[in-house]
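> structure for the following, please:
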Amino acid sequence: MKKTTPFKAPADFEKDLTDFANRYRITLAEHSKRISEYFEMTCYNLIVRYYDKKGYSMIAQNLKGGKYKFKCSPKGHLQNFSYFKATKVDMNGKEKSFYVFHNATVQSAYDDKVFTTPDIVVAKEEKTAETTDYYATKYSLTYIPKDKMITFCEAKHLSPFPELMISFVGTVNELMPDCLDGSVLHLPSDHIAPSMMMSGTFGKSTTRIKESLESRYYVNYFDNLFEDVSVRSFLSMSQMSNIATLGKKSSKLSNDHQDIPDELVEMLNNT
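Below is the predicted model:
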């Protein structure tokens, strides 16, 4: 029977982090002891492994004192923390790279002076922009410009509830409105669609919300990510084929690019 309010001991999270560190041959810097932050780090690790499963070479960057330093708060400059670089050589022999950040501030798609900080951000470049016009003081804010962001995920140590799930659509609208627009051409993509990752388990009403939102938009809602079986399922090839990407909706509910001519796909990919 699924648990509706799962708990996990800090020691179990520490084992998960140790396994993750061993997999990518890194040493972790001292990290938080808060369960919510452990869960957030676990979700970050899952996204890194998602791209690993997609065939990308995942290399830790910006180690501090030879150790990987998670960014467990919206505060702080990105250059003071570690992140992952993903690299793959495409069919034309061209190397493609992008970066997976933890708690990176990103710019609104609509207003250059509006920012928010998703828990996980995938960006085209590792170089960030900076402004001193954000805080009341002259403390600077480092952020990822809107044209450099690829996708994002939120990790919430909560059971799914309607307001949480629906408010996520507002964040998607602010950062990636094309994911809500069915008239926009969505090309095939390896990149995971904007995703809400939760520790609790869907009930009857929240399952209906998940199915409705995932059928309409390019988004994912994941539950029960405290459970090892859910994590293994998330990383299985069969499950990954049903996850929404920037090119298709989840659970094969649509096949949006099936009628796009190959010539048009190639042309748009090169623009």
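
> any idea of the mean pLDDT for the longest helix along the chain?
Counting by DSSP state H, the longest helix found in the chain is helix 35-53. Computed over helix 35-53, the mean pLDDT rounds to 91.

> Ser159 contacts Ser205, doesn't it?
No - under the criterion of CB atoms under 8 Å, Ser159 makes no contact with Ser205, lying 11.8 Å away. (Each C-beta comes from the backbone N, C-alpha and C, glycine too.)

> who has more neighbours, these two?
Under the neighbour definition other CB atoms under 10 Å, Ser159 and Ser205 were set side by side, and Ser159 has more, 19 against 11.

> that one: which element?
Element membership for Ser159 (DSSP states H and E) is empty, with no helix or strand holding it.

> tell me the spacing between the closest residue in space to it that isn't next to it in sequence and Ser57.
Sequence neighbours aside, Gly200 is the residue nearest to Ser159 in space, at 2.7 Å (criterion: CB to CB, 6 or more residues apart in numbering). Relative to Ser57, Gly200 is positioned 34 Å away (criterion: CB to CB, to the nearest Å).

> got it, and Met165?
In this structure, Met165 lies at 34 Å from Ser57, with CB to CB as the measure.

> buried residues, the longest helix of the chain. List them.
Taking 16 or more other CB atoms under 10 Å as the neighbour-count basis, helix 35-53 is seen to contain the buried residues 35, 37-52.

> just checking, what packs against it?
If you count contacts as 3 or more CB pairs under 8 Å, 6 or more residues apart in numbering; DSSP states H and E, helix 35-53 packs onto helix 10-23, strand 57-61, strand 95-102, strand 120-123, strand 149-156, helix 228-234, helix 237-240.

> mind doing that once more with 6 Å?
Taking 3 or more CB pairs under 6 Å, 6 or more residues apart in numbering; DSSP states H and E as contact, the helices and strands that helix 35-53 lies on are helix 10-23.

> surely Phe84 meets Arg49?
No - at 10.3 Å, Phe84 and Arg49 do not qualify as touching, with contact defined as CB atoms under 6 Å.

> shared neighbours of the two, which are they?
By the contact definition CB atoms under 6 Å, 6 or more residues apart in numbering, Phe84 and Arg49 are jointly contacted by no residue.

> give me the element Tyr143 is part of.
Assigned by DSSP H and E, Tyr143 belongs to strand 141-143.

> and that strand, what does it pack onto?
In terms of contacts (3+ CB pairs under 6 Å, 6+ apart), strand 141-143 is packed against strand 129-131.

> name the residues that touch the strand it packs on?
Contact with strand 129-131 is made by Ser140, Leu141, Thr142, Tyr143, Pro145, as judged by CB under 6 Å, 6+ apart.

> go on, stretch 198-212?
With CB under 6 Å, 6+ apart as the criterion, stretch 198-212 contacts 2, 4, 39, 156-160, 162, 165, 221, 223-226.

> with stretch 110-119 instead?
The set of residues external to stretch 110-119 that reach it, using CB under 6 Å, 6+ apart, is Glu40, Pro74, Asn103, Thr105, Gln107, Ser108, Tyr143, Phe152, Glu154, Ala155.
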